[in-house]
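[1] what's the 3D shape of this:
(chains A and B)
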Amino acid sequence: MATQQSRSAARIMLAPAVILLLGWMLVPLTMTLYFSFKKYLPLRGGDLGWAGFDNYVRFVTSSAFWPSIQSTLIIVIGVLLITVVLGVLLAQLLDQPMWGQGIVRILVIAPFFVMPTVSALVWKNMFMDPVNGLLAHLWKFFGAQPVEWLSDAPLFSIIMIVSWQWLPFATLILLTAIQSLDSEQLEAAEMDGAPVLARFGYIVLPHLSRAIAIVILIQTIFLLSIFAEIFVTTGGAFGTRTLTYLIFQRVLESQNVGLGSAGGVYAIVLANIVAYFLMRIVGKNLDA
Amino acid sequence: MAKSFTNQRMIINTVVAWGIGLLIFFPILWTILTSFKTEAQAINDPPLFLGFDWTLENYSIVQERSDYMRFLMNSVIIAGGSTLLGIVIAIPAAWSMAFVPSRRTKDILLWMLSTKMLPAVGVLYPIYLLFIKFGLLDTRLGLVIVMMLINLPIIVWMLYTYFREIPVEILEAARMDGASLREELIYVLTPMAIPGIASTVLLNFILAWNEAFWTLNLTAAKAAPLTAFIASYSSPEGLFYAKLSAASTMAIAPILILGWFSQKQLVRGLTFGAVK
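    You can find the predicted model right below:
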């Protein structure tokens, strides 16, 4: 029904958003690509000429690279496992009839609204501190030796903190998906005598599969770039240097921009692989 | 018989769910409680839960020593400014894609989404350099612009999904009655879209408020918002649990309250309409 006039008006109205995002994407990206082929040390001589693929080779052959990939993967997979498994169970529970459902839901969702620097610091000091932390008191209460969480089990500690932040997100999305499940189907299965586990495995879980895929993809994109949680807890020490943190250190701390930019290009490629799958799901949904 | 069975199940559900809910909420509760203790009580062994002398002194100390109001203002300006700017740019774009779709609309939407996936650290130095070049480093304006750009895809997407639910017939009727495009947008579309726009504002305000990569890397003393203010507590100086808690409580309280109103929008906004 759109007239020629409204079509051209539509194009004009779309333009500012498209141009801004295009600039936001292309300008920094081009610069990162450019720097990644340069030997560029702002504090030690500045632009020292072209470097070819040197930075790319040096970034992956540096001794910090593989450990950083390893910690990234451990954190991402650990958080995903915890949040998805607990999220499914919690969503299932919150879907049951109970008293004060609204309040419980508020309690469960709250951590998502806590800014990352606050949750990292609160966990680091008030819970994981080996002397005054609440967990240390708990351990002592049961007669155990308090754990130095952030130096003895650093990756586990960070996984705990990040999972606490993201469990509400997973729960909320999975709960929304569960609520769209046709309850008649479940009731019919119950009447036919299907046990709880079978109902869960054959009806609920398949219904949730798309929501679970979306939770995994979106969280992966955010988790690949967690920063504040590491910045204020370990500062990348004790083997918690993720790929994101390594690039941050190369670029801003040691001011080796060429090397850091090459790392940035790797991070961009990695994120794009994940994004590709997410976009396919979202795109399919647009057609429906 | 059947009724008592349901009642029993209700009780079990309620107890288990409340237990888990309180456990998940506990770190926040503990932070709030600690903020009312003295520093000595905050690290008392055994920990004190409710039996302590409630005090407000941490709040005044935090305010005096670190000028909390300035950080708060920075957060409000950065989160609020970027959200409003984003809305102004996104409404026309979302309108055009929702009501005058073309063959490329889907591609444009997906492409916008893809810009959100760009890892920030990959473009850290270019942005840092551009900020220095244009004198934006440690300014609120610079952060308003960056926050607007990183949230623009979400804003456009959310508005688009809301606008799509508005029946086109109403807009067409207005057009038939001779409403101009401007009038159609202001008098017909906007009033119907207010709830959707409000939800979008709310969620994006929260996201910008909590953003902690660019705010930490692009600010120093002048434009630092609450995220950076809290991060400055990461180097402990003596006893500081109670003050850290007071500062944290002040930083998260406004957003916790807003957040509770935005549960539904959260799902729509962060899954790009893929889960409803």
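[2] when you work out contacts or count neighbours from here on, use the C-alpha atoms and nothing else.
    OK.
[3] residue boundaries of the strands in chain A?
    If DSSP state E is used as the criterion, the strands of chain A fall at A:38-41, A:46-50.
[4] residue contacts, the residue of the stretch 151-288 of chain A found nearest chain B?
    At 3.8 Å from chain B, A:Gly264 is the closest residue in the stretch 151-288 of chain A, using CA to the nearest CA. Counting by CA atoms under 8 Å, 6 or more residues apart in numbering or on different chains, A:Gly264 touches A:32, A:247, B:121-123.
[5] let's see it at 10 Å
    The contact partners of A:Gly264, by CA atoms under 10 Å, 6 or more residues apart in numbering or on different chains, come to A:29, A:32-33, A:36, A:56, A:243-244, A:246-248, A:251, A:257-258, A:270, B:119-125.
[6] equivalent analysis for A:Leu14, please.
    Residues in contact with A:Leu14 (CA under 10 Å, 6+ apart) are A:8, B:89-97, B:108.
[7] what subset of the contacts of A:Gly264 is buried?
    A:29, A:32-33, A:36, A:56, A:243-244, A:246-248, A:251, A:257-258, B:119-125 (16 or more other CA atoms under 10 Å in any protein chain shown).
[8] next, count neighbours for B:Asp138.
    20 (other CA atoms under 10 Å in any protein chain shown).
[9] same deal with the one 5 residues further on?
    The number of residues packed near B:Leu143 is 29, by other CA under 10 Å.
[10] A helix includes it, no?
    Yes: under DSSP: H, G, I helix; E, B strand; the rest coil, B:Leu143 sits within a helix.
[11] which residues touch it?
    B:74-75, B:77-79, B:81-82, B:131, B:136-137, B:149, B:208, B:214-215, B:218-219, B:223-225.
[12] in the stretch 101-250 of chain A, which spans are helices?
    A:101-109, A:116-121, A:134-141, A:149-152, A:154-179, A:183-191, A:196-199, A:205-224, A:228-233, A:243-248 (DSSP state H, counting those that start in this stretch).
[13] quick one: these as a markdown table, columns for mean pLDDT and distance to chain B too.
    Formatted as a markdown table, the helices of the stretch 101-250 of chain A follow (pLDDT from 0 to 100; distance: least, CA to the nearest CA, whole Å):
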| stretch | mean pLDDT | distance to chain B |
| --- | --- | --- |
| helix A:101-109 | 87 | 5 |
| helix A:116-121 | 88 | 6 |
| helix A:134-141 | 83 | 7 |
| helix A:149-152 | 81 | 13 |
| helix A:154-179 | 90 | 6 |
| helix A:183-191 | 80 | 15 |
| helix A:196-199 | 81 | 14 |
| helix A:205-224 | 83 | 7 |
| helix A:228-233 | 84 | 6 |
| helix A:243-248 | 86 | 6 |
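[14] A:Arg280 is nearest to which of these?
    With CA to CA as the criterion, A:Arg280 lies closest to helix A:205-224 of the helices of the stretch 101-250 of chain A, at 10.6 Å.
[15] got the buried residues for the closest one?
    Quick answer for helix A:205-224 (16+ other CA under 10 Å): A:205, A:207-208, A:210-212, A:214-221, A:223-224.
[16] ok, now stretch B:86-105?
    Buried-residue list, stretch B:86-105, by 16+ other CA under 10 Å: B:86-87, B:89-102.
[17] inside helices: which ones of the contacts of A:Gly264?
    Counting by DSSP state H, the contacts of A:Gly264 place A:29, A:32-33, A:36, A:56, A:243-244, A:246-248, A:257-258, A:270, B:124-125 in helices.
[18] out of the helices of the stretch 101-250 of chain A, indicate the one that is most buried.
    A comparison of the helices of the stretch 101-250 of chain A by mean neighbour count, using mean count of other CA atoms under 10 Å in any protein chain shown, puts helix A:116-121 on top with a mean of 27.
[19] which strands and helices sit next to that one?
    If contacts are counted by 3 or more CA pairs under 10 Å, 6 or more residues apart in numbering or on different chains; DSSP states H and E, helix A:116-121 sits against helix A:154-179, helix A:228-233, helix B:2-34, helix B:190-210, helix B:226-231, helix B:241-261.
[20] rerun that using 7 Å as the cut-off
    Applying 3 or more CA pairs under 7 Å, 6 or more residues apart in numbering or on different chains; DSSP states H and E, we find helix A:116-121 packed against helix A:228-233, helix B:226-231.
[21] which elements pack onto the last one?
    The one in question is helix B:226-231. Using 3+ CA pairs under 7 Å, 6+ apart, the elements in contact with helix B:226-231 are helix A:116-121, helix B:68-99.
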